[in-house]
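*Asks:* please work out how this folds:
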Amino acid sequence: VRLQASGGGSVQAGGSLRLSCKASGLNFGLNTMDWYRQPPGKQREFVASITSAASADYAAFVKGRFTISRDNVRRTISLQMNNLEPEDTAVYYCSIDLPARGRRYWGRGTLVTVSS
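*Replies:* Predicted structure coming up:
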């Protein structure tokens, strides 16, 4: 399984970024895909997930600002992040849990920096 995230960068508070993650080595269309993040000095935390049926779930701190989506043809998930806050500064990871393989897989991560 390979997960390649992209789209991070630096923005001012109130700005937007769109993250993407391309997956390979798995039956993409059948699996729930996740975004996590790890703020500086803190533990990794759940951000959003999207099922194979495109049903989305979000962490409470997203507060309607982020939208997760998927493109099964391109084997890609995206995270549209609007109205970013300095507290959103973190390394963002795409991830998939594959119990049949006995583990969760992580992409390399992409850094998002939001300045006030």
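
*Asks:* count of residues packed around Cys94?
*Replies:* Using other C-beta atoms under 10 Å, Cys94 is surrounded by 28 other residues. The C-beta positions use only the backbone N, C-alpha and C, and glycine is treated the same way.

*Asks:* mind listing what it touches?
*Replies:* The contact partners of Cys94, by C-beta atoms under 8 Å, 6 or more residues apart in numbering, come to Leu3, Ala5, Leu19, Cys21, Ala23, Met33, Asp34, Trp35, Tyr36, Ile77, Trp106, Gly107.

*Asks:* following element in sequence after the helix or strand containing it, please.
*Replies:* If you go by DSSP states H and E, Cys94 is part of strand 90-98. Note on strand 90-98: by DSSP H and E, the next helix or strand toward the C-terminus is strand 103-106.

*Asks:* tell me what that following strand is packed against?
*Replies:* The contact analysis (3 or more C-beta pairs under 8 Å, 6 or more residues apart in numbering; DSSP states H and E) places strand 103-106 against strand 90-98.

*Asks:* list the buried residues in the strand it packs on.
*Replies:* Buried residues in strand 90-98, counted by 16 or more other C-beta atoms under 10 Å: Ala90, Val91, Tyr92, Tyr93, Cys94, Ser95, Ile96.

*Asks:* and the gap between the second one and Gly9?
*Replies:* Between Val91 and Gly9 the distance, using C-beta to C-beta, to the nearest Å, works out to 12 Å.

*Asks:* anything in contact with each of those two?
*Replies:* Applying C-beta under 8 Å, 6+ apart, one finds that Val91 and Gly9 are jointly contacted by Leu111, Val112.

*Asks:* how close does the residue positioned nearest the centre of the chain get to Ser116?
*Replies:* Centrality entry for the chain: nearest residue to the mean C-alpha point is Trp35, 2.8 Å, by C-alpha atoms, centre = their mean. Distance, Trp35 to Ser116, by C-beta to C-beta: 23 Å.

*Asks:* any chance of the contacts of Cys94 in CSV, plus pLDDT and secondary structure?
*Replies:* Conversion of the contacts of Cys94 to CSV gives the following (pLDDT from 0 to 100; DSSP: H, G, I helix; E, B strand; the rest coil):
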residue, pLDDT, secondary structure
Leu3, 96, strand
Ala5, 93, strand
Leu19, 98, strand
Cys21, 97, strand
Ala23, 95, strand
Met33, 96, strand
Asp34, 97, strand
Trp35, 98, strand
Tyr36, 98, strand
Ile77, 97, strand
Trp106, 96, strand
Gly107, 94, coil
